[in-house]
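Peer 1: Whatever this is, show me its structure:
(chains A and B)
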Amino acid sequence: MNGAERVYRILLLAYPLSFRREFEHEMVLFFRDQRREGAVRGAAYWLALCADTIRSAPREWHARFTEISLIGGLFMKTMAVLAMMIGAFQGFNGMREATAINFSGRPGLEQAGLTLAILSSLFLIVAGAALLRRGRDAAGLARAAAIATICSFVFMGATSPVLSIFAMLLGTVFPAAMLVYLFINRSAGPARPLVS
Amino acid sequence: MARKKATEEAAESLLPLAPTTFYILLALVDGEKHGYSIMQEVADSTEGEVRLGPGTLYGTLKRLLSSGIVAEVEKSDPDIGDERRRYYQLTQHGITVARAEARRLGGMVRAAQSRKLIGARLV
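Peer 2: You can find the predicted model right below:
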């Protein structure tokens, strides 16, 4: 590899890694063809090459970011569907427990805990639907639902552990994961289309 | 018949093509070529007016590959000691797209001729 090729390879670093993985070898062969034909000579060649890099590299970066946001959008959709499914499961589970343990005859704290768990399950369903519909307040609603779910399940676990350990874990770990995901993707904004 | 119409409609939905893209498709009409020979073909057919840089060329090829207009074949190149390199060729869809763009441009030229903007001999 001579000095000119080394400089050329440095210029190629302006492109995203995924693009280089796909085309770097071909681009180097392209450069060698040009050198063999005597085109790699003088400042004009390098100026044209720099101009081409300045024009094309940002386009590849833009394409790469679009690709990433599409993947993020698909992940957001998965998260929304999971929120709805877990909400439905927790709501059903909560109501089943409420009928099984003679709800009206239980102490007030237990009643409050179970009611909160059922309500937060409904929140999860609403938040999932909002995320799917890309509503303007979807992220805020999902965040509120996640916090309400965690609080109510912790409250219920402390006062009346009537739900199974699995249901309790699901009711706390999933909303926590959802909060972390929404925090990481806060810059994406809920009003932006999830999948263009 | 309905299938042919659907194919043409799919091709027309991609129009208008950027000039660089159309030049690349034109370069591939004669058969498969590697990146450098595409650049040479474009430079020759435009009398040196259009010189594709590697970034523009491979960026465009990437998009053409992902939209199924162009396909790649890997084979050895005798000019560079049998080192393997990628050759690009038009797919059937690519030929339809190139034809549709040529028709569109032809229509524009005819419109310009009918308004005496350019002479009839240009086409």
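
Peer 1: going forward, measure contacts between C-alpha atoms and count neighbours the same way
Peer 2: Will do.

Peer 1: So which bits of chain B are right by chain A?
Peer 2: Neighbours of chain A within chain B, by CA under 8 Å from any CA of the partner chain: B:G35, B:Y36, B:G53, B:P54, B:G55, B:T56, B:Y58, B:G59, B:R85, B:R86.

Peer 1: mind redoing it with 6 Å?
Peer 2: Residues of chain B lying close to chain A by CA under 6 Å from any CA of the partner chain are B:Y36, B:G53, B:G55, B:T56.

Peer 1: Who wins on neighbours among those residues?
Peer 2: Of these, B:G55 is surrounded by the most neighbours, 24 neighbours in total, counting by other CA atoms under 10 Å in any protein chain shown.

Peer 1: Help me confirm that it is found in a helix?
Peer 2: Yes: counting by DSSP: H, G, I helix; E, B strand; the rest coil, B:G55 is found in a helix.

Peer 1: Pull the contacting residues for it.
Peer 2: Contacts for B:G55 (CA atoms under 6 Å, 6 or more residues apart in numbering or on different chains) come out as A:T53, A:S56.

Peer 1: now with 8 Å?
Peer 2: Taking CA atoms under 8 Å, 6 or more residues apart in numbering or on different chains, we find B:G55 in contact with A:D52, A:T53, A:S56, A:A57.

Peer 1: Just name the closest of the residues of chain B next to chain A to B:A102, please.
Peer 2: Nearest to B:A102, judged by CA to CA, of the residues of chain B next to chain A is B:T56 at 21.5 Å.

Peer 1: what's the nearest residue to the closest one if we skip its chain neighbours?
Peer 2: The shortest distance from B:T56 to any non-neighbouring residue, by CA to CA, 6 or more residues apart in numbering or on different chains, is to A:S56 (5.5 Å).

Peer 1: Neighbours of the one you found, how many?
Peer 2: 21.

Peer 1: Can you name the element that comes right after whichever strand or helix holds it?
Peer 2: Assigning secondary structure by DSSP states H and E places A:S56 in helix A:42-100. For helix A:42-100, the following helix or strand on the C-terminal side (DSSP H and E) is helix A:108-132.

Peer 1: Also compute the angle for that following helix relative to helix A:42-100, please.
Peer 2: Helix A:108-132 and helix A:42-100 meet at an angle of 150 degrees, taking axes from the mean of the first three to the mean of the last three CA atoms, to 10 degrees as the criterion.

Peer 1: Just the buried residues of helix A:108-132, please?
Peer 2: Residues of helix A:108-132 classed as buried by neighbour count (16 or more other CA atoms under 10 Å in any protein chain shown): A:110-132.

Peer 1: Listing request: residues of chain B with sub-threshold pLDDT.
Peer 2: Confidence mapping of chain B against pLDDT under 70 gives the ranges B:1, B:79-82, B:121-123.

Peer 1: one step back: show me what the helix holding A:S56 is packed against.
Peer 2: In terms of contacts (3 or more CA pairs under 8 Å, 6 or more residues apart in numbering or on different chains; DSSP states H and E), helix A:42-100 is packed against helix A:3-12, helix A:108-132, helix A:165-184, helix B:54-66.

Peer 1: Please identify which of these is closest to A:R143.
Peer 2: Closest among the helices and strands packed on helix A:42-100, using CA to CA: helix A:165-184, at 6.0 Å.

Peer 1: Can you tell me which helices and strands the closest one packs against?
Peer 2: If you count contacts as 3+ CA pairs under 8 Å, 6+ apart, helix A:165-184 packs onto helix A:42-100, helix A:138-159.

Peer 1: Mind doing that once more with 10 Å?
Peer 2: helix A:42-100, helix A:108-132, helix A:138-159 (3 or more CA pairs under 10 Å, 6 or more residues apart in numbering or on different chains; DSSP states H and E).
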